[in-house]
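J.: Sequence first, then the predicted structure, then my questions.
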Amino acid sequence: MPGGIDEHVPVLVDEVLAAIVPVAKTLIVDCTVGLGGHSRALLEATPASVNLIGLDADAGNLERAAENLRPFGARVQLRLGNFTSVASIVGSGAADALLADLGVSSNQISDPRRGLSFEVDGPLDMRLDQRSGPTAADLVNDLDEEALANLLYVQSQERSSRRIAKRICAARRMGRLNSTVLLARIVAEAVGPRPFGRAGRIHPATRTFMALRMAVNREGESLAALLRQVPMVLRAGGRAAIISFHSGEDRLVKEEFRMLSRAGQFGLVTRKPISASAEEAARNARSRSAKLRVAEKLEEQLSDGNAVE
């Protein structure tokens, strides 16, 4: 259905329901409501007494989520904003469950005005919240070569970061770089042909675009801020379910849950991250890199933490 949830297929829906529905009594918080896919599944699977607060930094997606979730009426409250403010929005100990899907929506990637894809030409923007903040073009054109190389390596572990940064800095001396396709071509030229294998199957600009998107949207800092607020937002017995899409995000989630577990504040519902089934991966390519971790706030502190892998 054009303009609806079908444009973006939510990942690990059954696994999210299995984690959240058993503890949902009054309030679920969807920190990344997107077009409302996970939220709709959760509302359908829970009694009418369960309400949902949905947050999103993308005003356009929030409008579409409001339309998609309209059948649930007053059970749904949607707020425009980054999930770094979740504690002030939800309140202390108010939520039975907190969900965050850290991936970018398919409709955001396919919109050339966003500048998130190198497959169609568009402006180098990459901001999910387009109300303020530097764009990818600002970073590409204003950072010095060393800072740009460090950004690419730290954010996405791009092994060719120095060659890419050098080529970008040479290219921008001819004029400001504002085009996604142009940037992708410059990166591909810098990287050169890659040997066949996992790295060779992805476009050479993939990691560069991911690094710039993460930096523009301060994704690492935002995730760390969200994780710090999880204990404040959840009631005893409440659960946090976090879906990540690359190793850096998953590592942050794992380490935070491990710390909370060792402190006796949380128990680990998933000792290893849950990945998509073979059937889901075949249906939805986006799900192949998704990893779900779930932790539960304990009624009482434990003396020993749980092991995590």
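T.: Great, that's in hand.
J.: Going by neighbour count, which residues of stretch 129-136 are buried?
T.: Neighbour-count burial for stretch 129-136, counted by 16 or more other Cβ atoms under 10 Å, picks out 135, 136. In this view, the C-beta of every residue, glycine as well, is placed from N, C-alpha and C.
J.: Ends of it, what's the gap?
T.: End-to-end distance for stretch 129-136: 13 Å, by Cα to Cα, to the nearest Å.
J.: and that stretch, what's its mean pLDDT?
T.: Taken as a whole, stretch 129-136 has an average pLDDT of 89.
J.: Check stretch 74-86 too.
T.: Computed over stretch 74-86, the mean pLDDT rounds to 95.
J.: Please apply the same query to stretch 96-111.
T.: Per-region confidence: stretch 96-111 scores 92 on mean pLDDT.
J.: Next: stretch 152-159.
T.: 94.
J.: Can you classify residue 295 by secondary structure?
T.: Following DSSP: H, G, I helix; E, B strand; the rest coil, residue 295 is assigned to strand.
J.: quick one: pLDDT of it?
T.: Residue 295 is assigned 98 on the pLDDT scale.
J.: ditto for residue 202
T.: For residue 202, the model assigns a pLDDT of 81.
J.: How about residue 275?
T.: If you check residue 275, the pLDDT there is 97.
J.: how many other residues sit next to the residue lying closest to it once chain neighbours are set aside?
T.: Counting by Cβ to Cβ, 6 or more residues apart in numbering, residue 291 is the residue found nearest to residue 275 once chain neighbours are left out, at 6.0 Å. Each residue near residue 291 was counted by other Cβ atoms under 10 Å, and the total is 23.
J.: now residue 291: how far from residue 218?
T.: Note on residue 291: its distance to residue 218, by Cβ to Cβ, to the nearest Å, is 21 Å.
J.: Leaving out sequence neighbours, find the closest residue to residue 163.
T.: Nearest one to residue 163, counting by Cβ to Cβ, 6+ apart, is residue 190 at 4.7 Å.
J.: which residues touch the helix or strand where the one you found lies?
T.: Here residue 190, judged by DSSP states H and E, is contained in helix 180-191. When contacts are defined by Cβ atoms under 8 Å, 6 or more residues apart in numbering, helix 180-191 is touched by residues 112, 115, 117-118, 120-124, 140, 160, 163-164, 166-168, 171, 177, 203-205, 208-209.
J.: nearest residue to the most centrally placed residue in the chain other than its sequence neighbours?
T.: For the chain, the residue sitting closest to the mean C-alpha position, by Cα atoms, centre = their mean, is residue 102 at 1.5 Å. Of all residues not flanking residue 102 in the chain, residue 244 sits nearest, at 5.1 Å (Cβ to Cβ, 6+ apart).
J.: I'd like to know how many residues surround that neighbour.
T.: 23.
J.: what's around the closest residue to residue 298 other than its chain neighbours, how many residues?
T.: Spatial nearest neighbour of residue 298, chain neighbours left out: residue 267 (5.6 Å); criterion: Cβ to Cβ, 6+ apart. Residue 267 sits with 18 neighbouring residues when counted by other Cβ under 10 Å.
J.: could we number from 28 for the rest of this?
T.: From this message on, residue numbering opens at 28, which makes the last subject residue 294.
J.: Which elements pack onto the helix or strand containing residue 294?
T.: Counting by DSSP H and E, the element that carries residue 294 is strand 293-295. Using 3 or more Cβ pairs under 8 Å, 6 or more residues apart in numbering; DSSP states H and E as the contact test, the elements touching strand 293-295 are helix 274-289, strand 318-324.
J.: Compute the inter-axis angle for the longest one and strand 318-324.
T.: I take that to be helix 274-289. 20 degrees (axes from the mean of the first three to the mean of the last three Cα atoms, to 10 degrees).
J.: Buried residues, helix 274-289. List them.
T.: Buried residues in helix 274-289, counting neighbours by 16+ other Cβ under 10 Å, are found at 275, 276, 277, 279, 280, 281, 283, 284, 285, 287, 288.
J.: Same question for stretch 240-250.
T.: Neighbour count says stretch 240-250 has 240, 241, 242, 243, 244, 246, 249, 250 buried, by 16+ other Cβ under 10 Å.
J.: check contacts around the second one.
T.: It refers to residue 241. 182, 183, 247.
J.: how close does the closest residue to the first one other than its chain neighbours get to residue 209?
T.: Across the structure, with Cβ to Cβ, 6+ apart as the measure, the residue nearest residue 182 apart from its sequence neighbours is residue 238 (3.6 Å). Separation of residue 238 from residue 209 (Cβ to Cβ) stands at 17 Å.
J.: Relative to the whole chain's centre, how far out is the strand or helix carrying residue 90?
T.: Residue 90 is part of helix 86-95 when elements are defined by DSSP H and E. Distance, stretch centre to chain centre, for helix 86-95: 17 Å (Cα atoms, centre = their mean, to the nearest Å).
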